[in-house]
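K.L.:
quick one: sequence and predicted model below, then my questions.
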Amino acid sequence: MIEFTGTGVVAATPAQVFPVVADLTTYPDWLGIVQAVHPADDDGAWLVDIGARLGPLRRTKRLRMIRAEHVAPTQATFERAERDGKDHSPWLLSATLEPHDTNATTVTMRLHYGGGFALPGLDRLLAQEVQRALPRLQKRVDRAVN
């Protein structure tokens, strides 16, 4: 099981950040573990390629995900929702937004994987990725606002 939470500050209001974190198709632009997002053929779901590389090991997984929670401008959550009748490990990706000050937002990203596969050092890799993602998220929000 993987349970990771990372937090950082973006120089924009929650109302300005929310449209970006609530749109799963923007994630490949700013969150490196989300490699690709494609619309699925049904019910507004997406096919999401999530992956990480740790040394010589690379792991990528394609998931069918749906929007599980959408509470503007504070919470956007996406979860795995396969339709093949098989039992799958749960995946959850969420963003929680809180005002930091007048023109800044504390962004908390949470990744939950309920399966048994994990790479040693993956928690460190995820922490580093969230820190790298913050400037990319800032740029994505700036483009959306301006």
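P.N.:
That came through, no problem. As the structure is a prediction and not an experimental result, all values here were calculated from the model.

K.L.:
contacting residues around the residue lying closest to residue 67 once chain neighbours are set aside?
P.N.:
The shortest distance from residue 67 to any non-neighbouring residue, by C-beta to C-beta, 6 or more residues apart in numbering, is to residue 78 (5.9 Å). The way it works is simple: take the backbone N, C-alpha and C, and place the C-beta from them, glycine included. Residues near residue 78 by C-beta atoms under 8 Å, 6 or more residues apart in numbering: 24, 46, 48, 65, 66, 67, 68, 92, 93, 94.

K.L.:
just say helix, strand or coil for residue 78.
P.N.:
Residue 78 carries the three-state label strand when classified by DSSP: H, G, I helix; E, B strand; the rest coil.

K.L.:
contacts for stretch 36-49, please.
P.N.:
Against stretch 36-49 from outside (C-beta under 8 Å, 6+ apart): 24-25, 27-28, 34-35, 60-67, 78, 81, 83.
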